[in-house]
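Participant: structure for the following, please:
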Amino acid sequence: MMTRAKWAVVLAVCVAAALLGGCKEGERNNFSHISFQGDPLVTFEADPGFRAEGCRSFGILTRGGSSHPIIERRLGWMLAWALEAMGYQEAATPAEADLVLSLVFSNEHKTSYLPPTTVTIPWQERGKWVNSDSTIQTPYGTATGHTSTWVPGGTTYIPVTRPGRTVGCYYPALSISAYDRVALAASPNDIGKALVWTETIVHSSNAGDGILSGQFLLLRLLSEHPVLPRKSGPARGPLGLGLVMLTADGINAYPTVVAVIKGSAGEKAGLRAWDMVLEVNGQPTANVSWAQCSDMFGPATGRLKRFLVKRPEGEVTIQLTLPGSA
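Facilitator: You can find the predicted model right below:
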């Protein structure tokens, strides 16, 4: 019997750096309205004694007093989705997990005043003829003369002043920390003693809704220094797609194609990067779990697949038949 893991669509966190880089010039996709400026600042620390190889399960710890509790909860769900795609199981409670994780998110908006600036713009004057009339007195009376003088062209510089203005930007920041379960249980009031791994990323973005920028920061952290190594191997599944859960409106997240293997069934059917799959065989995919997504995209729900896909130009339907098992 074919297992879900074998048919699982790979989580392509390796493309997260490209996601943060934005679209190629002239390219439009479902996330073109989310942009980042410059390169992110990423810091990473790990206890040299920490060994992730023996971990099979994880739990996500919800902390109190957060300024963004809903966004942190949603990012925690996306983190759990990603780790399940990598072959780990989410424990019923953090106390039962091999590794306990927590997230901290902020999205501060900062403004700065740019003073007026003056620049000089070169202006090329063309040469021209200048006509003039003159009169002179002669012994025989008044005489009128007409002359034309050539004035050569040249370059002049015109000063232009740009008014002062206030500009602003959001600075999303995400930290993921990992704690040893045994040490955490022994010192619940001093979680610093149980800390074994932490990574933080700070970027600048135009997104006021933190979940829009935070989801890409999460993928970048998973690609830079994944807290847990992949367990499920490089299997790409029958479609040859890399999927992650992303939201374009800040409300619902959908399985989103971020990688298409050349020559795969997905590529031949016309699926492409940044496609958001809204339905599979008429079943909505909004906010589905990893297990549900794996079943919907695999043969467990039939080999004939009909995808309703969202693109910038509108919704399209793509149909294909899964190849037979190897």
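
Participant: ok, the residue nearest the centre of the chain to G242 distance?
Facilitator: Centroid check for the chain by Cα atoms, centre = their mean gives F216 as the closest residue, at 3.7 Å. Using Cβ to Cβ, to the nearest Å, F216 is found at 15 Å from G242. Heads up, the C-betas are built off the backbone N, CA and C, glycines and all.

Participant: about what we covered before: touching, the residue nearest to the centre of the chain and I34? I think so.
Facilitator: Yes. At 7.3 Å, F216 counts as touching I34 under the criterion of Cβ atoms under 8 Å.

Participant: helices of the protein, residue ranges please.
Facilitator: 4-7, 16-20, 69-85, 181-186, 210-224, 265-269, 290-297 (DSSP state H).

Participant: for W129, which of those helices is the nearest?
Facilitator: In terms of Cβ to Cβ, the element of the helices of the chain nearest to W129 is helix 16-20, at 60.3 Å.

Participant: OK, contacts around S102?
Facilitator: 60-63, 176-177, 179 (Cβ atoms under 8 Å, 6 or more residues apart in numbering).

Participant: ok, back up a step: got a markdown table for the helices of the chain, with mean pLDDT too?
Facilitator: Below are the helices of the chain laid out as a markdown table (pLDDT from 0 to 100):
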| stretch | mean pLDDT |
| --- | --- |
| helix 4-7 | 43 |
| helix 16-20 | 47 |
| helix 69-85 | 93 |
| helix 181-186 | 83 |
| helix 210-224 | 91 |
| helix 265-269 | 90 |
| helix 290-297 | 91 |
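
Participant: state the number of residues packed around the closest residue to W129 other than its chain neighbours.
Facilitator: If the residues on either side of it in the chain are set aside, W129 comes closest to S148, at 5.1 Å by Cβ to Cβ, 6 or more residues apart in numbering. Residues within reach of S148, counting by other Cβ atoms under 10 Å, total 8.

Participant: could you do T161 as well?
Facilitator: Residues contacting T161 under the criterion other Cβ under 10 Å number 9.

Participant: strands of the stretch 1-150 of the chain, start to end?
Facilitator: 41-46, 57-60, 89-90, 99-114, 117-125, 128-138, 141-151 (DSSP state E, counting those that start in this stretch).

Participant: okay then, goodbye and thanks.
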